[in-house]
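Engineer: next come a sequence and a model predicted from it.
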Amino acid sequence: MKLVTDNITWMKFAFHNSLRNRRRSLVTVTIAALGTAAILLAGGFAYSTYQGLSEAAARTTGHLIVGTPAHFGTEEDVPLQFGIENSAAIEQQLLSDPAVRYVLPRVDFSGLISNGDKSTIMLAIGINPETEFAVKGPFLSIKEGEILQANAKDTEIMLGEALAKSLKAKTGSDLTLMVSTVDGALNAMDVKVKGVVSTGIPDIDKRLVYTDIKTAQKILNTQRVSSLGVFLNSMDATDAAQQRISHALPTMKVETWLDEAFFYKSVRELYNRIFGALGLIISVIVVFVVANAMAMAIIERTREIGSLRAMGTLPTELIRSFTFEGMFLGATGAVTGAVIAMGIAILLLIFPVEMPPPPGRSTGYPLLITIDALMYAVTILGMIALSMLSSGMIARQTLQQPIVDALAHN
Amino acid sequence: MTQAVIMELRAVHKSYRLGEHLVQALRGVDLQVQRGELLALTGPSGSGKSTILNLCGLIDRADAGDVLINGINTRTLSEKQLTIQRRDTIGFIFQSFNLVPVMTVAENVDYPLFLNGVPAAERKQRVAAQLKAVGLDEHAQHLPDALSGGQRQRVAIARALIKRPSIVIADEPTASLDSHTADQVLDLMRERGHAEGAAFIIASHDERLTRRTDRIVSLLDGRLQ
């Protein structure tokens, strides 16, 4: 109890002292606030980018990808050499897991696509159309036509936007697919364009072909699928579901979306470095500003500090007082900065700002700043801790001066 | 048993480095201060008055010789032990008052009791009594800036005496005051000093003040005359 009341007294003393030179305190608080806001805005932007990219990656591959072990690590000599044989049974088994929402079989294959005059390389995916396009959501945009139907009369495909442009194909155009079957033979199939899509990544759109899974299996002459994309109720369930499914399907390998998300990982690594360096620079600036403010405050109060020490105040007690001063300045700055960052994040929701397409993309994206409670708490506490540390260190260094010299200070 | 001698200096030497020169501030000073005594240190500037005050106030250490307080040789004490000694037994009155400007008059006077860990209720009572004794009970919640020089020095006296110290160190306590106020302050120091049983060691050039002390010790070139 005495410790609490003592600390309250020291805090009160520190609070009054922090209001002595208001202009200097205001500058210190402003720098701490701007630093905090900059860290939170940069962190919020990175966080929102990570969320967007991770969601896009998970919606592309599924939260989990189930395949044969060789599918993930070995190059195939012929299509679907390492595909899944009895996919329907595995699909049913996967759907019995409470965290699993959808299981989407996929057949990946490549070959040529031709309009009669021009042939070009395609990277095709056989999919279950209804569910696949439903889970893609905003991460696949239908530019023209309609989505595939599972039991369509004609053999239909959807093309990537750039590929359609290259082949001068529109909805209803007739094209020919040419592939190598699982037996190594050449096979061709006439198809009709049902629609044109864009993933937002031109490099993918200029090769992309979607067809329904039965068409893919028919042209490849197989009943196998390449992999099963497993969509869960939430991203958070990924690791636990991976463990359960790996246990339930010992002959299969189960990878997470993260294992396949090379773009996400490289962006995250880059952003972590950029924003980490930014955070470090801002932290150093805040430490210097707070330390400088404290050094000025201590120098101005040299004689007073000498008097307090003469009266029997221990250096540790004075260090505590100055540390509390740093805490007040840091806390005021950090909370103000957090409010500023939160205000800007909310304003961006009310008045959206569209960002230009990033490198390698064809579409822009809305500028969003995530408000993450943990990030805010860590940043505010970190800023307070830095301010306290720098104040305490400066006070400790300055209190080395002999009392007699401090009392003689003018 | 309470000792009659509260502070003793034995063959104390002290020198300072001033640029490239070594200044001999004290050259073998012997001095005893009795409990409750009002002792004046006089002498020209540079005679060693402030150095004796610093040594008696335990804010500086002698180069040679011993400084004893209540029979304890301070040479053997650590910095922390010296601080605790000052906290427990020594009060300070400075020429320029040295009050803490962000603390009210009551908080300034309360500060030594707070340092000594006196319970809050007792502190409140003692501060009120002390402020009444120095005639500043109506100014308890004022900040020092709102007071006159004489009032501020009275606050400083109240602050020095509140913890009932054995010794009060006063460095030119009336130098910043006009003669009428200086007389009042000296009366107050005498009255409160006797009431609390504290010995006063006062460095001063002010003859009106030194005349009214129990004993005058003159210094010249670091030696007692």
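Structural biologist: Okay, I see it.

Engineer: distance-wise, check residue B:162 relative to residue A:103.
Structural biologist: 81 Å (C-beta to C-beta, to the nearest Å). (Glycine included, C-beta is placed from N, CA and C.)

Engineer: those two - which one has more neighbours?
Structural biologist: residue B:162 (26 against 23; other C-beta atoms under 10 Å in any protein chain shown).

Engineer: contacting residues for that one?
Structural biologist: Shown in contact with residue B:162 (C-beta atoms under 8 Å, 6 or more residues apart in numbering or on different chains): B:109-110, B:112-113, B:126-127, B:130.

Engineer: let me have those in JSON lines, extended by distance to chain A and secondary structure.
Structural biologist: Converted to JSON lines, the contacts of residue B:162 look like this (distance: C-beta to the nearest C-beta, whole Å; DSSP: H, G, I helix; E, B strand; the rest coil):
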{"residue": "B:109", "distance to chain A": "12", "secondary structure": "helix"}
{"residue": "B:110", "distance to chain A": "9", "secondary structure": "helix"}
{"residue": "B:112", "distance to chain A": "6", "secondary structure": "helix"}
{"residue": "B:113", "distance to chain A": "11", "secondary structure": "helix"}
{"residue": "B:126", "distance to chain A": "16", "secondary structure": "helix"}
{"residue": "B:127", "distance to chain A": "14", "secondary structure": "helix"}
{"residue": "B:130", "distance to chain A": "15", "secondary structure": "helix"}
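
Engineer: which among those end up buried?
Structural biologist: Those of the contacts of residue B:162 that meet the buried threshold are B:109-110, B:112-113, B:126-127, B:130, by 16 or more other C-beta atoms under 10 Å in any protein chain shown.

Engineer: my read: residue B:82 touches residue B:74, true?
Structural biologist: Yes - contact criterion C-beta atoms under 8 Å: residue B:82 and residue B:74 qualify, at 6.5 Å.

Engineer: joint contacts of these two?
Structural biologist: residue B:58.

Engineer: now do the nearest residue to residue A:15 once chain neighbours are set aside against residue A:14, distance only.
Structural biologist: Nearest residue to residue A:15, sequence neighbours excluded (C-beta to C-beta, 6 or more residues apart in numbering or on different chains): residue A:328, at 5.7 Å. Taking C-beta to C-beta as the measure, residue A:328 falls 6 Å from residue A:14.

Engineer: kindly report the same for residue A:245.
Structural biologist: For residue A:245, the distance to residue A:14 (C-beta to C-beta) stands at 57 Å.

Engineer: let's have the contacts of residue B:162 in a markdown table, adding pLDDT.
Structural biologist: Converted to a markdown table, those look like this (pLDDT from 0 to 100):
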| residue | pLDDT |
| --- | --- |
| B:109 | 95 |
| B:110 | 94 |
| B:112 | 94 |
| B:113 | 94 |
| B:126 | 95 |
| B:127 | 96 |
| B:130 | 90 |
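
Engineer: enumerate the residues of chain B near chain A.
Structural biologist: By C-beta under 8 Å from any C-beta of the partner chain, the residues of chain B that approach chain A are B:54, B:57, B:59-60, B:80, B:83-84, B:86-88, B:90-92, B:94, B:96, B:98, B:100-103, B:111-112, B:114-117, B:120, B:159.

Engineer: any idea of the mean pLDDT in stretch A:197-207?
Structural biologist: On average, the pLDDT along stretch A:197-207 is 88.

Engineer: for stretch B:149-163, that is, sorry about that
Structural biologist: 91.

Engineer: same check, this time on stretch A:297-304
Structural biologist: Stretch A:297-304 comes out at a mean pLDDT of 83.

Engineer: got it, and stretch A:81-88?
Structural biologist: In this model, stretch A:81-88 has a mean pLDDT of 90.

Engineer: show me which positions of it end up buried.
Structural biologist: A:82-84, A:87.

Engineer: what do you get for stretch B:27-43?
Structural biologist: B:29, B:31, B:33, B:35-43.

Engineer: and if you look at stretch B:130-149?
Structural biologist: Result for stretch B:130-149 [16+ other C-beta under 10 Å]: buried residues B:130-131, B:133-134, B:136, B:139-140, B:143-144, B:147, B:149.

Engineer: then stretch B:118-127?
Structural biologist: B:118, B:123, B:126-127.

Engineer: then stretch A:327-344?
Structural biologist: Buried residues in stretch A:327-344 (16+ other C-beta under 10 Å): A:327-338, A:340-342.

Engineer: from these, pick the one nearest residue A:395.
Structural biologist: residue A:327 (12.3 Å; C-beta to C-beta).

Engineer: show me the shaky parts of chain A.
Structural biologist: A:1-2, A:137-139 (pLDDT under 70).
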